[in-house]
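I need the structure of the sequence given here:
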Amino acid sequence: MGIFDDINFNVPPTAVSSQDLRLLDTTCDHIVRNELSDFDISPMLYDIPYSGSSSIFNNSITYSNQIDPEVSVIVKTKLPMQNDGSLILKEAIFGNVEAHEEFIVPTNINQTFQLQIPPKTNSVYAIQKTIDSDTGDVIYIDFVRYSLSQLFGIITFTNEDDIGETVIFYYIPDKRTINAVNKDKSVNYEIIGTDAQGRGILSIYGRAFHSTQASLLLKYRTAITECTKCLGQGVLNDLTINSSGRIQLVYDFSKLIQDFFKRFTTEKGSSIFDVSEGTQTSMLIGISKGDGVLVETFIKNEVVNLVYAIRDKQKDQINLQSTSAGERIAQINRVDVRAINATDFQVLIDVQSESGVIEQIESRVSQAS
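Numbers count the residues shown, from 1 in each chain. Now for the predicted structure:
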């Protein structure tokens, strides 16, 4: 259960409500994003190196005919992978390597072309390649008579006078999503299974890549116990975006809840701005697991002290900023600390705001294993 589950954020704040960014209790999706794979493209490359003017990448050594589409290599995820359709592979080229692609302006001026890899924003420019009729020299001039969709790298030429002309587009490649299967049904990659640690095992083919300098980025869902974002807690403490696409704010009782948990999870003395902030619940580490009564008493004292500290700070806040009755603490009605097992305790607090409303704050405290 999340700490904001019973809060209706559709109710607007009052004129006197103070507001804060919602930072706590965002449900974690356990998605690993942009994991750089240990993938090595070299087994896919033909072995005759030369200076690669015919490659779309023009400032490094490339390989004759570049990549063998039928060669496959095995790659693994670094964390356990859930086979739930969340897997996405992307080709990435690091180091601002410049690509170039050559097009001939078609008779159908409305025909669209697409760059092989999406370009980074504002990195595209074009050069027209012409041959001097008298000398036979190749001449390059700037070319601007085209439209470009920056997001997908889609090009449309705009002037019929350019039909038949050769135009070269230069750009910095961005990440490109690799489809599992191409339109011709050829396979780019497939999931083979998982290893003993639950890590995903993939087979990926050379046809999946456009660049000899490609790196492989993985996105997938991992197990909650292995999630490096929420550390197995199931929630994130980060900014939350609401259904309108704006940053969610807390106010009234939701702000009171957040004020409590921000301090409850802060180790006392660790804040350089106020050493009195936080609690000493981290001292539970090292206390005997058999002394449950001592732990319960310790937690209860910390909770009571924390709630009163918040109330004192609210009194100081009134001199500088308006606050609503719904976010100001009037009194604590009950503090209940209950052992769940040998190492975990559930804390339940009944807090009455100055508006007269009684609400519950619930939290879990765990000892070190």
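
Helix, strand, or coil at residue 79?
Assigned by DSSP: H, G, I helix; E, B strand; the rest coil, the conformation of residue 79 is strand.

Please read the previous query as pertaining to residue 38.
Here residue 38 takes the coil state, with states given by three-state DSSP.

Name the nearest residue to residue 67, sequence neighbours excluded.
residue 206 (4.3 Å; C-beta to C-beta, 6 or more residues apart in numbering). In this view, the C-beta of every residue, glycine as well, is placed from N, C-alpha and C.

Correct me if wrong: that neighbour contacts residue 68.
Yes. In this structure, residue 206 is within contact of residue 68 by C-beta atoms under 8 Å, at 4.9 Å.

Neighbour count: these two, which is higher?
The residue with more neighbours, out of residue 206 and residue 68, is residue 206; 19 against 15, by other C-beta atoms under 10 Å.

quick one: the more buried one and residue 120, what's the gap?
Note on residue 206: its distance to residue 120, by C-beta to C-beta, to the nearest Å, is 24 Å.

go on, residue 67?
Taking C-beta to C-beta, one finds residue 67 at 22 Å from residue 120.

How much space separates the residue nearest to residue 67 from residue 91?
Distance, residue 206 to residue 91, by C-beta to C-beta: 12 Å.

Which segments of this protein make up each domain?
Here the domain assignment for the chain is 19-25+250-366, 31-224, based on automatic domain parsing.

With residue 230 as the reference, name the closest of those.
With respect to residue 230, and counting by C-beta to C-beta, the nearest of the domains of the chain is domain 31-224 at 7.3 Å.

start to end distance for the closest one?
Distance across domain 31-224, first residue to last, is 10 Å (C-alpha to C-alpha, to the nearest Å).

what is the mean pLDDT for that domain?
Across domain 31-224, pLDDT averages out at 87.

chain center to it, what's the gap?
23 Å (C-alpha atoms, centre = their mean, to the nearest Å).

Next, give phi and psi for the spatially closest residue to residue 146 that is not a sequence neighbour.
Nearest residue to residue 146, sequence neighbours excluded (C-beta to C-beta, 6+ apart): residue 157, at 5.1 Å. When read as degrees, to the nearest 10, the backbone of residue 157 gives phi -80, psi 150.

Verify the contact between residue 157 and residue 148 for me.
No. Residue 157 is not in contact with residue 148 according to C-beta under 8 Å; the separation is 10.6 Å.

Just to be sure, residue 276 is in a helix?
No. Counting by three-state DSSP, residue 276 is not found in a helix; it is coil.

Would you confirm that residue 148 belongs to a strand?
Yes. According to three-state DSSP, residue 148 belongs to a strand.

Count the neighbours of it for me.
If we define neighbours as other C-beta under 10 Å, then residue 148 has 16 of them.
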